[in-house]
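Colleague: requesting a structural model of the entry that follows:
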Amino acid sequence: MMHPDHLQQLTDAKRVLESPGIAARLSNALGTPIEKALDLLPKGAGELVTSATRKALEAAMKAALTGMNDDLKPPSKRLHKLTAAASGGIGGAFGLSALVVELPVSTTLMLRSIADIARSEGEALSEREAQLACLAVFALGGPSASDDGTETGYFGVRAAMAKAMSDALAHVSRHGMAQQGAPAMVRFMSQIAARFSIPVSEKVAAQSVPIIGAVGGATINTLFMDHFQKMASGHFVVRRLERLYGAREVKRQYALIPTSLS
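Modeller: Below you'll find the model as predicted:
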């Protein structure tokens with residue numbers, strides 16, 4: 001039997017994890033549907049976003065966890081939002097051309113914040129599995145174009161990525177994070193990049209709207225950071241409860257929470 005306090009924490013986590021994606025928040029910020037902003041992107045923007053997303057994840061994986069220990073302390077969400085806003089000003093001022101410069105910076109900042117949240121929920125960042133779990137949060141930013149009905153919810157995404165994550169964990173346990181070109185790591189990073197590139201495209205589209213500019217770019221990056229901080233908070237609450245009650249029981253209780261509360 002799950003303790004009532006923990007059940008409430010799981011309910012709050014589901015409310016976050018099953019909420020509308022970043023596109024809805026960006027649409028509110030723009031005052032126009034994000035689909036219209038996407039139509040403004042130049043031809044070939046999709047390929048650029050996909051390439052930049054993969055490179056940004058690789059750069060973040062190298063840099064974000066450096067110097068972070070396992071000390072249990074509250075996450076510095078506000079500080080990370082402020083730094084994200086600063087990098088977003090670059091994207092807003094220079095648009096798509098700044099993506100290859102701005103995205104690795106903002107992605108590294110987000111991964112740093114994700115790891116900070118993970119640590120606050122009891123994750124040992126010195127462990128490879130926890131590090132990969134931090135990276136996997138980027139897959140929670142929006143559905144993949146290849147998703148079917150079983151892969152769009154939180155546990156659906158985790159199930160879809162389970163094999164790739166298991167293989168990647170086996171690899172990094174033997175060789176560390178340095179050998180990124182190994183097939184197991186390539187598959188894992190490709191799955192994350194495929195999902196992360198969708199909200200990145202939406203963010204780039206929002207920043208490309210002519211009236212947005214640098215100030216709007218900072219606001220959009222703050223929303224982007226806030227979204228992934230919330231995904232991380234929900235994800236690592238679930239993982240903490242899984243360590244207490246077991247994965248099967250947490251998944252069962254999660255499914256019993258009414259969808260109207262999510």
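Colleague: I figured residue 165 hits residue 134, correct?
Modeller: No: using C-beta atoms under 8 Å, residue 165 is not in contact with residue 134; the gap is 11.7 Å. All C-beta atoms are positioned from the backbone trio N, CA, C, and that covers glycine.
Colleague: the two: which has the busier surroundings?
Modeller: residue 134 (28 against 22; other C-beta atoms under 10 Å).
Colleague: where does the more buried one fall, secondary structure wise?
Modeller: helix 128-136 (DSSP states H and E).
Colleague: report the contact partners of residue 137.
Modeller: Residue 137 makes contact with 114, 228, 231, 232, 235, according to C-beta atoms under 8 Å, 6 or more residues apart in numbering.
Colleague: mind checking how far it is from residue 63?
Modeller: Distance, residue 137 to residue 63, using C-beta to C-beta, to the nearest Å: 16 Å.
Colleague: show me what contacts the residue positioned nearest the centre of the chain?
Modeller: Taking C-alpha atoms, centre = their mean, the centroid of the chain lies closest to residue 138, which sits 2.5 Å from it. Going by C-beta under 8 Å, 6+ apart, residue 138 touches 57, 107, 110, 111, 192, 195, 196, 228.
Colleague: tell me the one among those nearest to residue 30.
Modeller: residue 228 (19.1 Å; C-beta to C-beta).
Colleague: packing partners of the longest helix belonging to the chain?
Modeller: Secondary structure of the chain read by DSSP state H shows that its longest helix is helix 213-245. On a contact count with 3 or more C-beta pairs under 8 Å, 6 or more residues apart in numbering; DSSP states H and E, helix 213-245 meets helix 4-17, helix 22-30, helix 77-94, helix 99-120, helix 128-136, helix 154-175, helix 183-208, helix 247-256.
Colleague: could you pull up the mean pLDDT of the fifth one?
Modeller: This means helix 128-136. For helix 128-136, mean pLDDT rounds to 91.
Colleague: gap between it and the chain center?
Modeller: Average the C-alpha atoms of helix 128-136, do the same for its chain, and the two points are 11 Å apart (C-alpha atoms, centre = their mean, to the nearest Å).
Colleague: what's the answer for the first one, then?
Modeller: Its chain's average C-alpha position is 19 Å from that of helix 4-17, according to C-alpha atoms, centre = their mean.
Colleague: what's that helix packed up against?
Modeller: In terms of contacts (3+ C-beta pairs under 8 Å, 6+ apart), helix 4-17 is packed against helix 213-245, helix 247-256.
Colleague: which among these is found nearest to residue 157?
Modeller: Using C-beta to C-beta, the nearest of the helices and strands packed on helix 4-17 to residue 157 is helix 213-245, at 9.9 Å.
Colleague: what's the angle from that closest one to helix 4-17?
Modeller: Helix 213-245 runs at 140 degrees relative to helix 4-17, counting by axes from the mean of the first three to the mean of the last three C-alpha atoms, to 10 degrees.
Colleague: tell me where the stretch 1-150 of the chain is predicted with low confidence.
Modeller: 64-99, 141-150 (pLDDT under 70).
Colleague: try it again at 90.
Modeller: Along the stretch 1-150 of the chain, the model assigns pLDDT under 90 to residues 1, 19-52, 54-56, 58-110, 112-113, 125-128, 131, 140-150.
Colleague: and the gap between the residue lying closest to residue 49 once chain neighbours are set aside and residue 103?
Modeller: Among residues not flanking residue 49 along the chain, residue 201 sits closest, at 4.9 Å (C-beta to C-beta, 6 or more residues apart in numbering). For residue 201, the distance to residue 103 (C-beta to C-beta) stands at 11 Å.
Colleague: alright, I will stop here.
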